[in-house]
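Visitor: Predicted model and sequence below, questions to follow.
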Amino acid sequence: ISTKTTLAGFEFDNCLMNAAGVYCYDAAELDQMQASKAGTFVTKSATLQARTGNPEPRYLATPLGSINSMGLPNHGLPYYLDYVSQQQIAVPNKIYFQSITGFNIDEDEQLLAQITASDFKGIVELNLSCPNVPGKPQTGYDFETVERILTRVFEVYQGPLGIKLPPYFDIVHFDQMAAILNQFPLAFVNCVNSIGNGLFIDAATETVTIKPKNGFGGIGGDYLKPTALANVHAFYQRLKPEIQIIGTGGVKSGQDVFEHLLCGASMVQVGTALQKEGPLIFDRLTAELKTIMQQKGYTQIADFQGQLKHLD
Ligand SMILES: CC(C)(C)CCc1c(C(=O)O)[nH]c(=O)[nH]c1=O
């Protein structure tokens, strides 16, 4: 029974990896991802300059998931390009993901120029949940800006590239975004980022639980799964077949992985549960997925990928 998968024309010996932001901040964490059963890793979303991020507490694990307002703490793009360059030599025949976040279209272009100038041979994940000009919603919810950014991106960057999208909650938004994305040679769309601006409070002390943004932060974990599966399936149904889907959100068991694949994902990322359990989670998730596949008589992911049945 194989859990290998193909994305952007590359083969990965396992369809599981981390979600950007989790276990990928520095070399110590990325080394742990390299040593795990994950098929590969993605780095923390990198910016032009290193960032310390928001004041703590900025992350809280809750019984059903997590809330965070990290503020993009990262060592800056050169740090991650150096790390991946080393890994491309130390562990060759493996394709790595570099996540990037510009604060405007010119920064996106500069980040991509730096990647082009490096010996990076992997896949770029452009985080579109990034902030926009004040007064406008995050980029992923500003459809004209998404179109403008992708037009520029594909004018300047020639390597395999996909985008990380925030969750959408309206069928018309699925239709409108898919119509935009189908215009571009995207390698993949990663659905979904955390649900923005949730609020987790402590009733005993009558206070919020994270410091930034008066306690408002991105929601991950069990809360996110139904929305994540819907976004994976909605874009799987709407996007041209050349644009594959990465499924992210609410994965903490082999069944959750199976469900994302059934909805159309080609690769599955783990965030909140990885933060709680550590990289050994990939051993457990892989074993649980294989057990489900065996019980159902499947030997490879292609046997059931995207085959979610509707009630006709
Ligand atoms: C929310 C932003 C800081 C604009 C982007 C980075 C990011 C963060 C973060 O660094 O706070 N957290 C998430 O759950 N998703 C993200 O995409």
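Guide: Yep, it's here. Note that the coordinates shown come from a computational prediction; the quantities given were computed from them, not determined experimentally.
Visitor: only C-alpha atoms for contact and neighbour calcs from this point on.
Guide: Fine.
Visitor: Can you tell me which residues in the stretch 101-250 of the chain are near the ligand?
Guide: 129-131, 193-194, 218 (C-alpha under 6 Å from any ligand atom).
Visitor: from the residues you listed, which ones fall inside strands?
Guide: Among those, DSSP state E puts Gly218 in strands.
Visitor: Tell me the buried residues within the residues of the stretch 101-250 of the chain next to the ligand.
Guide: Listed as buried from those are 129-130, 193-194, 218; burial here means 16 or more other C-alpha atoms under 10 Å.
Visitor: from those, which is closest to the ligand?
Guide: Nearest to the ligand among these: Cys130, at 3.9 Å, using C-alpha to the nearest ligand atom.
Visitor: what's the nearest residue to Phe43 if we skip its chain neighbours?
Guide: Just to correct that, residue 43 is Thr rather than Phe. Nearest residue to Thr43, sequence neighbours excluded (C-alpha to C-alpha, 6 or more residues apart in numbering): Cys24, at 4.9 Å.
Visitor: That neighbour and Ser45 touch, don't they?
Guide: No: under the criterion of C-alpha atoms under 8 Å, Cys24 makes no contact with Ser45, lying 9.0 Å away.
Visitor: out of these two, which sits in the more crowded spot?
Guide: Using other C-alpha atoms under 10 Å, the more surrounded residue of Cys24 and Ser45 is Ser45, with 25 against 22.
Visitor: Tell me how far the more buried one lies from the ligand.
Guide: Ser45 sits 7 Å away from the ligand, going by C-alpha to the nearest ligand atom, to the nearest Å.
Visitor: what sits against that residue?
Guide: Applying C-alpha atoms under 8 Å, 6 or more residues apart in numbering, we find Ser45 in contact with 20-21, 72, 74, 98-101, 127.
Visitor: now, which of those sits nearest the ligand?
Guide: The shortest gap between the ligand and any of these belongs to Leu72, at 3.4 Å (C-alpha to the nearest ligand atom).
Visitor: Check what pLDDT Cys130 gets.
Guide: For Cys130, the model assigns a pLDDT of 85.
Visitor: Hmm, I typed the wrong one, I wanted Lys136.
Guide: pLDDT, read off for Lys136, is 92.
Visitor: Got phi/psi on it?
Guide: Per-residue torsions, Lys136: phi -110, psi 150 (degrees, to the nearest 10).
Visitor: try Ser99
Guide: Torsion angles, degrees, to the nearest 10, at Ser99: phi -90, psi 140.
Visitor: ok, it to Lys211 distance?
Guide: According to C-alpha to C-alpha, to the nearest Å, Ser99 and Lys211 sit 25 Å apart.
Visitor: neighbour-wise, which of those two wins?
Guide: The residue with more neighbours, out of Ser99 and Lys211, is Ser99; 25 against 18, by other C-alpha under 10 Å.
Visitor: Just confirm the residue nearest to Thr43 is within a helix.
Guide: No: under the criterion used here (DSSP: H, G, I helix; E, B strand; the rest coil), Cys24 is coil, not part of a helix.
Visitor: what about Asp303, neighbour count?
Guide: 12.
Visitor: need the contact list for it.
Guide: Applying C-alpha under 8 Å, 6+ apart to Asp303 gives no contacts.
Visitor: Same question for Ile292.
Guide: 254-255, 258.
Visitor: With Gly218 as the reference, measure out to it.
Guide: 31 Å.
Visitor: again with Leu181
Guide: From Leu181 to Gly218 the distance is 24 Å (C-alpha to C-alpha).
Visitor: now swap in Gly271 and tell me
Guide: For Gly271, the distance to Gly218 - C-alpha to C-alpha - is 12 Å.
Visitor: Confirm Asp163 sits in a helix?
Guide: For residue 163 the amino acid is Ile, not Asp. No: per three-state DSSP, Ile163 lies outside any helix segment and is strand.
Visitor: pLDDT score assigned to it?
Guide: For Ile163, the predicted pLDDT is 98.
Visitor: got it, and the one 3 residues further on?
Guide: According to the per-residue confidence, Pro166 scores 98 in pLDDT.
Visitor: what's the neighbour count on Tyr223?
Guide: Going by other C-alpha under 10 Å, the residues that sit close to Tyr223 add up to 16.
Visitor: what's the closest non-adjacent residue to Met293?
Guide: Nearest one to Met293, counting by C-alpha to C-alpha, 6+ apart, is Thr299 at 6.6 Å.
Visitor: need the contact list for the one you found.
Guide: Listed by C-alpha under 8 Å, 6+ apart, the contact set of Thr299 reads 1-2, 293.
Visitor: Same check on Gly254?
Guide: By C-alpha under 8 Å, 6+ apart, the residues touching Gly254 are 284-290, 292.
Visitor: now those: which count as buried?
Guide: Going by neighbour count (16+ other C-alpha under 10 Å), the contacts of Gly254 have 285-286, 288-290 buried.
Visitor: Out of those, name the ones that lie in helices.
Guide: 285-286, 288-290 (DSSP state H).
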